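1. I need the structure of the sequence given here:
(one chain, ligands or ions: 3)
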Amino acid sequence: MNLPDLKVARNRQATPTEYVNLELDIKPAFKGQKYFLRTYGCQMNVHDSEEIKYYLEALGFEACEKLEEADIVVLNTCAIRENAKDKVYGYLGRCKHLKKIKPNLIICLAGCLMQEPHEIDELKSKHDYVDIIIGTHNIYELPKLIAVHTGKQNIEVFSNSDKVFENIKYSRDSKVSAWINIAYGCDKFCTYCIVPYTRGRERSRKMENILEEVNYLKEKGYQEITLLGQNVNAYGTDLKLGYDFATLLENVAKTNIPRIRFVTSHPWNFTEAMLDVISKYPNIMPYIHLPLQSGSNAILKKMNRRYTREEYLELFRKIKQKIKNVAITTDIIVGFPNETEEDFLATLDMVETCQFDGAFTFIYSKREGTVAATLEDKVPKEIKEERLKRLNKVVNKYSLASNKRLLNQVVPVLITKVSEKDETKVCGYTDTFKLVNVDAPKDLIGKIVDVKITDAKSFSLDGVLNQKI
Ligand code: SAH
Ligand code: SF4
Ligand code: F3S
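-> Ligands and ions are numbered 1, 2, ... in the order given. This next block holds a predicted model:
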């Protein structure tokens, strides 16, 4: 048994990063059995779940649609806000109930929530029916732990984050668009955020390995890749090999894979060189997710965001100026401890000024172990909820306006799958990452087609094919 420790997780002075080539021998001992996998949280977790899926399938399990059919269930958890945690425990209740009827059901928990010592304490004391618990640093151990499982709760969570694994196998959700990790962890320590603790210190993959993966996916027919990092601008800093995110991006663009995206860009250390590369290569999509978090300098400082509203605006304008038809989206938190009405109005003002193409908005959620969790907070919940509503009204006004600007225009859309809303349609994304439901046949999945936009809502567009097929 290995248990998580926040003190160890906080430590950034650990040993140099070790690059490990994963070579696992997984026997298909569970043929004929079924797995059910549920993922919470960000793209990073979605991609980790593709690794988990590979392991489950290598063990012989087959995916099932309903929890009730499962012989093994894996919940890949998120710790970013309290409601992410509540969802996990809510679902765990269903799993517990199922285990009463199916005593051989194996329940596994993975992901960021498992990196938190107090969660592990709770699982040990109140949820002893959970069979296997792994953390974010040892997903590769899952097949071994399942294979040797005896029925006794087994917890294997590491706090040290000094490794980067190569040769990880994935069972990818899409044959069109793929995630690629470029860096793990985060060293920014925004005071509200749990990620630097749950994902460990910032570690970059070596450029040659990333490029190899891009080329491999391109040969397999992938049309789009998204480079993943909590803070992509910081890519390469830890490697000290003389290259950075701009270098990586340029080399990825040169592979000629049709579409390249990346998330997330931190407004701090977003360099001119990065902007130059993005604007130079047409296969780098004109879309940037640039979290603002707050428009108040006082709050930004307390958040340890390392920029002022003026610096954010300067970067924002530079991006708009350099990248043709760029779309910029953001993340905003309301109700950081002791946020005043004036602070909040400064945030609203930034939204009015930037007119974001879209924004994810959140009420601050206290995360145990972070610096902000030690601050006394006098702002009542009702005020925070009211601020969120006011913010969403403005945010939605601009995302609708941004979508409406596309009405009657013809834009290239990469068709990725059957539409979730209407099975007779397909859907995909514009280069600016707007979701479009298209009246077109399924055999266009995987193709970039010209679509005429016929309707624009706040969160999606409708369109029809504007070319012969
Ligand atoms: N690394 C990325 C994303 C981190 S998590 C970045 O820095 O942008 C995604 C978003 O969740 C953050 O941008 C932030 O807006 C929000 N978030 C993080 N911690 C939070 C907390 N404690 N309460 C509410 N929102 C939070
Ligand atoms: Fe969290 Fe800040 Fe790191 Fe993003 S940059 S993951 S918000 S600590
Ligand atoms: Fe959640 Fe972990 Fe992502 S906390 S948002 S799954 S990095």
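
2. show me what the strand or helix carrying Lys393 is packed against.
-> Per DSSP states H and E: Lys393 is located in helix 381-404. Judged by 3 or more CB pairs under 8 Å, 6 or more residues apart in numbering; DSSP states H and E, the packing partners of helix 381-404 are strand 327-334, helix 341-354, strand 358-363, strand 448-456. Yep, even glycine has a C-beta here, placed from its N, CA and C like the rest.

3. after that helix, which helix or strand is next?
-> strand 410-418.

4. what's the spacing between that next one and its chain's center?
-> 22 Å (CA atoms, centre = their mean, to the nearest Å).

5. which stretches of the stretch 51-200 of the chain form helices?
-> 82-101, 117-126, 142-147, 195-198 (DSSP state H, counting those that start in this stretch).

6. and the nearest residue to Gly463 once chain neighbours are set aside, what does it touch?
-> The shortest distance from Gly463 to any non-neighbouring residue, by CB to CB, 6 or more residues apart in numbering, is to Val451 (4.0 Å). Residues in contact with Val451 (CB atoms under 8 Å, 6 or more residues apart in numbering) are Val410, Val411, Pro412, Val413, Val436, Val438, Ala440, Gly463, Val464, Leu465, Asn466.

7. and those residues, which is closest to ligand 3?
-> Taking CB to the nearest ligand atom as the measure, ligand 3 sits nearest to Val436 out of the contacts of Val451, at 25.9 Å.

8. tell me the pLDDT at that closest one?
-> Confidence at Val436, expressed as pLDDT, is 97.

9. is it true that it touches Lys421?
-> No - counting by CB atoms under 8 Å, Val436 stays clear of Lys421, with 11.5 Å between them.

10. pipe the helices of the stretch 51-200 of the chain into a markdown table and attach distance to ligand 2, mean pLDDT and mean neighbour count per row.
-> Formatted as a markdown table, the helices of the stretch 51-200 of the chain follow (distance: least, CB to the nearest ligand atom, whole Å; pLDDT from 0 to 100; neighbours: other CB atoms under 10 Å):
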| stretch | distance to ligand 2 | mean pLDDT | mean neighbour count |
| --- | --- | --- | --- |
| helix 82-101 | 14 | 96 | 15 |
| helix 117-126 | 18 | 95 | 15 |
| helix 142-147 | 24 | 97 | 19 |
| helix 195-198 | 4 | 96 | 26 |
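
11. of those helices, which is nearest ligand 3?
-> helix 195-198 (4.8 Å).

12. what's around the residue of the stretch 1-150 of the chain found nearest ligand 2, how many residues?
-> Closest residue of the stretch 1-150 of the chain to ligand 2, CB to the nearest ligand atom: Ile80 (8.3 Å). Using other CB atoms under 10 Å, Ile80 is surrounded by 21 other residues.

13. just list the residues touching it, thanks.
-> Here Ile80 is in contact with Gly41, Cys42, Cys112, Cys193, Ile194, Val195, Ser365, Arg367 (CB under 8 Å, 6+ apart).

14. just Ile106 next, same as before
-> So Ile106 contacts Asp71, Ile72, Val73, Asp131, Ile132, Ile146, His149 (CB under 8 Å, 6+ apart).

15. of those, list those near ligand 3.
-> With CB under 6 Å from any ligand atom as the criterion, no member of the contacts of Ile106 is in contact with ligand 3.

16. looking at the residues you listed, which are in strands?
-> Ile72, Val73, Ile132 (DSSP state E).

17. just the buried ones from those residues, in PyMOL syntax?
-> Applying 16 or more other CB atoms under 10 Å to these, the buried members can be selected in PyMOL as follows:
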select buried, resi 72+73+132
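
18. any chance of the ones in strands among the contacts of Ile106 in TSV with distance to ligand 1 and pLDDT as columns?
-> TSV is the format used below for those (distance: CB to the nearest ligand atom, whole Å; pLDDT from 0 to 100):
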residue	distance to ligand 1	pLDDT
Ile72	29	98
Val73	26	98
Ile132	26	98
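
19. of the contacts of Val451, which is the nearest to ligand 1?
-> Val436 (24.6 Å).

20. ok, back up a step: among the contacts of Val451, which are in reach of ligand 1?
-> Answer for the contacts of Val451 near ligand 1: none qualify (CB under 6 Å from any ligand atom).

21. pull out the buried members of these.
-> Buried among those by 16+ other CB under 10 Å: Val411, Val413, Val436, Val438, Ala440, Gly463, Leu465.

22. pLDDT at the closest residue to Asp187 other than its chain neighbours, what is it?
-> Of all residues beyond its chain neighbours, the one nearest Asp187 is Glu202 (4.3 Å), with distances taken as CB to CB, 6+ apart. We have a pLDDT of 94 for Glu202.

23. correct me, but Glu202 touches Gly185?
-> Yes - using CB under 8 Å, Glu202 is in contact with Gly185, at 4.8 Å.

24. overlap of the contact sets of these two?
-> Common neighbours of Glu202 and Gly185 are listed as Gln230 (criterion: CB under 8 Å, 6+ apart).

25. who has more neighbours out of these two?
-> Remark: of Glu202 and Gly185, Gly185 carries more neighbours, 26 against 22, as counted by other CB under 10 Å.

26. residues in contact with that one?
-> Ser161, Pro196, Arg199, Gly200, Arg201, Glu202, Arg203, Gln230.

27. which members of these are classed as buried?
-> The neighbour-count test (16+ other CB under 10 Å) marks Ser161, Pro196, Arg199, Gly200, Arg201, Glu202, Arg203, Gln230 as buried among the contacts of Gly185.

28. sorry, back to before: can you put the ones in strands among the contacts of Ile106 in a markdown table and add distance to Ile319?
-> Formatted as a markdown table, these follow (distance: CB to CB, whole Å):
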| residue | distance to Ile319 |
| --- | --- |
| Ile72 | 45 |
| Val73 | 43 |
| Ile132 | 44 |
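
29. circling back: joint contacts of Val436 and Lys421?
-> Cys427.

30. and the stretch 51-200 of the chain, which residues reach ligand 3?
-> Among all residues of the stretch 51-200 of the chain, those adjacent to ligand 3 (criterion: CB under 6 Å from any ligand atom) are Cys78, Ala79, Ile80, Gly111, Cys112, Ile194, Val195, Thr198, Arg199.

31. those residues: which ones sit near ligand 1?
-> Near ligand 1, judged by CB under 6 Å from any ligand atom, the entries from those are Ile80, Val195.

32. inside strands: which ones of the residues of the stretch 51-200 of the chain next to ligand 3?
-> Gly111.

33. between the residues of the stretch 51-200 of the chain next to ligand 3, which sits nearest Asp25?
-> Gly111 (24.9 Å; CB to CB).

34. out of the contacts of Ile106, who's nearest Lys53?
-> Among the contacts of Ile106, and counting by CB to CB, the member closest to Lys53 is Ile72, at 11.8 Å.

35. so who does the closest one touch?
-> Ile72 neighbours (CB under 8 Å, 6+ apart): Phe30, Gln33, Lys34, Tyr35, Phe36, Leu56, Phe61, Leu105, Ile106, Ile107, Cys108, Ile146.

36. mind putting those residues in a markdown table, distance to ligand 1 included?
-> As requested, the contacts of Ile72 are exported to a markdown table (distance: CB to the nearest ligand atom, whole Å):
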| residue | distance to ligand 1 |
| --- | --- |
| Phe30 | 34 |
| Gln33 | 35 |
| Lys34 | 32 |
| Tyr35 | 27 |
| Phe36 | 26 |
| Leu56 | 26 |
| Phe61 | 30 |
| Leu105 | 32 |
| Ile106 | 30 |
| Ile107 | 27 |
| Cys108 | 24 |
| Ile146 | 29 |
